[in-house]
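Participant: Sequence and predicted structure are below.
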Amino acid sequence: MSDDQAVAPAGLTSDEARRRLAQNGPNAIVDVAVHPLRQALGKLWAPIPWMLEAAILLQLGLGDYLEAGVVAFLLLFNAALGFVQEGRAQATIDALKSRLALVASVRRDGRWTTVPAATLVADDVVKLSLGSVVAADVRLVSGSTLLDQSMLTGESLPIEAGAGAETYAGALVRRGEAIALVTATGARTKFGKTAELVRGAKAESSEQKAILRVVRNLALFNGVVTLALAAYATHLSLHATDIVSLVLVAVLSAIPVALPSMFTLAAAVGARALALKGVLPTRLSAVDEAASIDVLCSDKTGTLTRNELAVMSVRSMPGFDDDHVLALAGLASSDGGQDPVDGAIRAAAARHTVTDNPTLVSFLPFDPSAKRAEATVRLPNGDPLQVLKGAFAVIAGLSQSPATAAPIAMELQAKGFRVLAVAVGPAGKLRLAGFIALSDPPREDSKSLIAELGGLGVRTIMVTGDAATTAGVVAEAIGLEGSVWSTTPIPKTIRAADYAIYAGVLPEDKYSLVKALQDSGHIVGMCGDGANDAPALRQAQMGIAVFSATDVGPSSTPSVWKIGNLTVVGVFMGLLDLAFCVACLATGKFLLHLDIDALRTLAVVTLVFSGQAVLYVVRERRHLWNSMPGKWLIASSCIDLGLVSILALAGIVITPLPIAVLGGIFAAAVIFALVLDRAKLALFGRFKVA
């Protein structure tokens, strides 16, 4: 017995619906959001926090309780900053999601009633009405509708659906009304299966990997130094207790306790700046990921295109012109409503007015079974005419059409357009007036954006559920060149340079493509605006849900963390810094003949001044004067230099130094910065860091 036969016309009873609801669960998707407590603890349970926690334990073991408290503050500050920023973004998203609450018109106990969509069960009989959102996967049993499934399938054009057609939760009813049978709810729907992919998708942050590699390389280098220090202390016959304390201090000093907080604070400042420009980062690491992307996968419908139908071409037959074809088609289109085809035609007709346009007498809207709409009009002289608009095969059978008509229709269809024919004339003597081709046009900025991304070293790839022909037309219009992949599944060995367009793909295929590109070493961004993009958005290092775009100050190429090369460059620059500090101390001891207490002050001042020099050199890949430092950086430098100078001159806490000595160290630091800047450029060029 079929499902249709098993369900009475009255639908399910309330008792049966409650039983099925208890057995199968609600018609809802399990929220993938992490519990706030678990999210907060997650900020303390990761490789980077472990590093700080190890530093706290070491300091407690040495009895340095104040230092342990400072590191603990940095740890909690780092965690809280990330938690608060991501919490704000999640709150905004939750507010948007709250607007999506659905209800459904369902037949229970022999009568129609409105219930929350979450209470629908399989075999419920539901009504799909104009403007409503389909609340579950269903199969139509009567009626006809125009369904917009672009959010789920990526198809740019709505589909005509009648009895026997299947559609999915999340589809929008653009026209008509139908009765449908629920076939799947909750996690069993197409939308629910997509959500399962989202739940399992996760990309490792390139920023976190970079920090870990930096810490690893520092640990290896500092480990060698610490072993050498321990060996030297043993050679001097120091007591074992002193050697252990010395080694612990050396290990502790090798842990960059401020590094995670520095990354987090910088990312938070960047996220705030982006938020002011209308960009909402949901993860702090996304700020850095944006600069590292070298492949951008972009959905077509609603992202590269406007996700709205528009008249792209009008082809008139002999005896007619384009303006009159549009005017006649506008008369045979509904005024208002949610039919995107009729809306696009009327909008185009309004921009091409004609002086002798007939007057509308009556209008019959599009009939899916007849595949045409019909209007009766009256000419200025009072003669009545009939206007038909619909599929070419239907209109051609009801009118006289020239031999050139069929090739024109095939040509337009081959370009991926939705083609409608228009005929006009007295009843029984209709003539084909012309064709109207509709499509989802590209966004005005898509072509320039793709060109700009290419100039920045980012390869753009189109991924769409639409057919290869339609995708190819859009790709040509926006300047996207390359081969087309149009079969599934997508191989795991695919490379970014192989194809520029992936057509006819499902949500799981988009997810697989992103994962394959990541496995081949790319930092992947995914740009989309529909539920069908969600798994790929989640899997990508940076998922971009776009409403509108804004300009950013870009780098010339994607930022790549060449940690090995950076480590080598860092070692060389560190040795230069060490040589500068040793030279300053040697000058103080052998030329200025300072005592041990004054040398300690000299060491502190030298470290602060040289640290500022290094900071201003390494902040810029080019010469240090190529870009203006931020106002907060300049302010912090002035405070840092001012405080240590006051302490050194006044002899507060430390032994005082003459102002001439401080001035000499400052001048030496400026010269050191210029020398280090030249060395940096040479090292960056040699190790291909810049």
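Facilitator: Yep, it's here.
Participant: what's in contact with stretch 659-668?
Facilitator: With contact meaning CB atoms under 8 Å, 6 or more residues apart in numbering, stretch 659-668 is reached by Phe580, Cys584, Gly588, Leu592, Leu602, Val605, Thr606, Phe609, Leu641, Ser645, Ala648, Leu649. In short, each C-beta sits where N, CA and C put it, glycine included.
Participant: Please convert those residues to CSV, extending it with distance to Ala391, secondary structure and neighbour count.
Facilitator: Formatted as CSV, the contacts of stretch 659-668 follow (distance: CB to CB, whole Å; DSSP: H, G, I helix; E, B strand; the rest coil; neighbours: other CB atoms under 10 Å):
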residue, distance to Ala391, secondary structure, neighbour count
Phe580, 81, helix, 22
Cys584, 86, helix, 24
Gly588, 92, helix, 23
Leu592, 96, coil, 15
Leu602, 90, helix, 25
Val605, 85, helix, 24
Thr606, 84, helix, 22
Phe609, 80, helix, 26
Leu641, 78, helix, 17
Ser645, 84, helix, 19
Ala648, 88, helix, 25
Leu649, 90, helix, 14
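Participant: Which one of these is nearest to Arg174?
Facilitator: Within the contacts of stretch 659-668, distances to Arg174 taken as CB to CB reach their minimum at Leu641, with 66.4 Å.
Participant: The residue lying closest to that closest one once chain neighbours are set aside: helix or strand, and which one exactly?
Facilitator: In this structure, Leu641 finds its nearest non-sequential neighbour in Gln612, 6.4 Å apart by CB to CB, 6 or more residues apart in numbering. Gln612 is part of helix 596-618, with elements assigned from DSSP states H and E.
Participant: How about residues contacting that helix?
Facilitator: 573, 577, 580-581, 584-585, 588-589, 594, 624, 629, 637, 640-641, 644-645, 648, 654-657, 661-662, 665-666, 668-670, 672-673, 676-677, 680.
Participant: how about a cut-off of 7 Å?
Facilitator: Helix 596-618 is touched from outside by 577, 580-581, 584-585, 588-589, 594, 624, 629, 637, 640-641, 644, 648, 654-655, 657, 662, 665-666, 669, 672-673, 676-677, 680, with contacts defined as CB atoms under 7 Å, 6 or more residues apart in numbering.
Participant: What subset of these is buried?
Facilitator: 577, 580-581, 584, 588, 594, 624, 629, 641, 644, 648, 654-655, 657, 662, 665-666, 669, 672-673, 676-677, 680 (16 or more other CB atoms under 10 Å).
Participant: Is Thr655 part of a helix or strand, or is it coil?
Facilitator: Secondary structure, DSSP: H, G, I helix; E, B strand; the rest coil: Thr655 is coil.
Participant: Look up how far Leu643 lies from it.
Facilitator: Per CB to CB, to the nearest Å, Thr655 is found 16 Å from Leu643.
Participant: and what of Glu166?
Facilitator: 72 Å.
Participant: so the residue sitting nearest the centre point of the chain bridges to which residues?
Facilitator: The chain has Ile544 as the residue nearest its centroid, 1.2 Å off, counting by CA atoms, centre = their mean. Counting by DSSP bridges, Ile544 is bridged to Cys527.
Participant: And Thr167, by the same measure?
Facilitator: Note on Thr167: beta-bridge partners Val138, judged by DSSP bridges.
Participant: for the record, mean pLDDT for stretch 479-487?
Facilitator: Across stretch 479-487, pLDDT averages out at 90.
Participant: give the contact list for the residue nearest to Thr606 when sequence neighbours are not counted.
Facilitator: Distance criterion CB to CB, 6+ apart; nearest residue to Thr606, sequence neighbours excluded, is Cys584 at 4.4 Å. Applying CB under 7 Å, 6+ apart to Cys584 gives the contacts Leu602, Thr606, Ile665, Ala668.
Participant: how close does Cys584 sit to Val394?
Facilitator: According to CB to CB, Cys584 stands 91 Å off from Val394.
Participant: Val354 now?
Facilitator: From Val354 to Val394 the distance is 25 Å (CB to CB).
Participant: Also Lys277?
Facilitator: Lys277 is 50 Å from Val394, by CB to CB.
Participant: okay, those two: which has more neighbours?
Facilitator: Higher neighbour count among Lys277 and Val394: Val394, with 15 against 10, using other CB atoms under 10 Å.
Participant: Which strand or helix spans that one?
Facilitator: Using DSSP H and E, Val394 falls within helix 392-398.
Participant: Other residues contacting that helix?
Facilitator: Against helix 392-398 from outside (CB under 7 Å, 6+ apart): Lys371, Arg372, Leu388, Ala405, Ala409, Val419, Ala421, Ala423, Leu430, Leu432.
Participant: Weed out the non-buried ones from the residues you listed.
Facilitator: Buried, going by 16+ other CB under 10 Å: Arg372, Leu388, Ala405, Ala409, Val419, Ala421, Ala423, Leu430, Leu432, out of the contacts of helix 392-398.
Participant: close enough to count as contact, the second one and Arg372?
Facilitator: Yes - distance between Leu388 and Arg372: 5.4 Å, which falls inside the contact criterion (CB atoms under 7 Å).
Participant: for the stretch 501-650 of the chain, what spans make up the strands?
Facilitator: Remark: strands assigned in the stretch 501-650 of the chain by DSSP state E, counting those that start in this stretch are 501-502, 524-528, 542-545.
Participant: Alpha carbons only: can I get the longest one in CSV?
Facilitator: What it means is strand 524-528. Listed next in CSV are the C-alpha coordinates belonging to strand 524-528 (Å, rounded to 0.1, in the frame of the first residue of the first chain):
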residue,chain,number,x,y,z
VAL,A,524,40.5,28.0,1.9
GLY,A,525,37.8,30.5,2.2
MET,A,526,34.2,29.7,1.4
CYS,A,527,31.7,32.4,0.5
GLY,A,528,28.0,31.6,0.4
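Participant: what's that strand packed up against?
Facilitator: When contacts are defined as 3 or more CB pairs under 7 Å, 6 or more residues apart in numbering; DSSP states H and E, strand 524-528 sits against strand 295-299, helix 507-519, helix 534-539, strand 542-545.
Participant: mind redoing it with 10 Å?
Facilitator: Secondary structure elements in contact with strand 524-528, counted by 3 or more CB pairs under 10 Å, 6 or more residues apart in numbering; DSSP states H and E, are helix 285-292, strand 295-299, strand 459-463, helix 507-519, helix 534-539, strand 542-545.
Participant: Let me have those in CSV, adding distance to Leu172 as columns.
Facilitator: Output for the helices and strands packed on strand 524-528, formatted as CSV (distance: least, CB to CB, whole Å):
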stretch, distance to Leu172
helix 285-292, 30
strand 295-299, 17
strand 459-463, 22
helix 507-519, 18
helix 534-539, 17
strand 542-545, 18
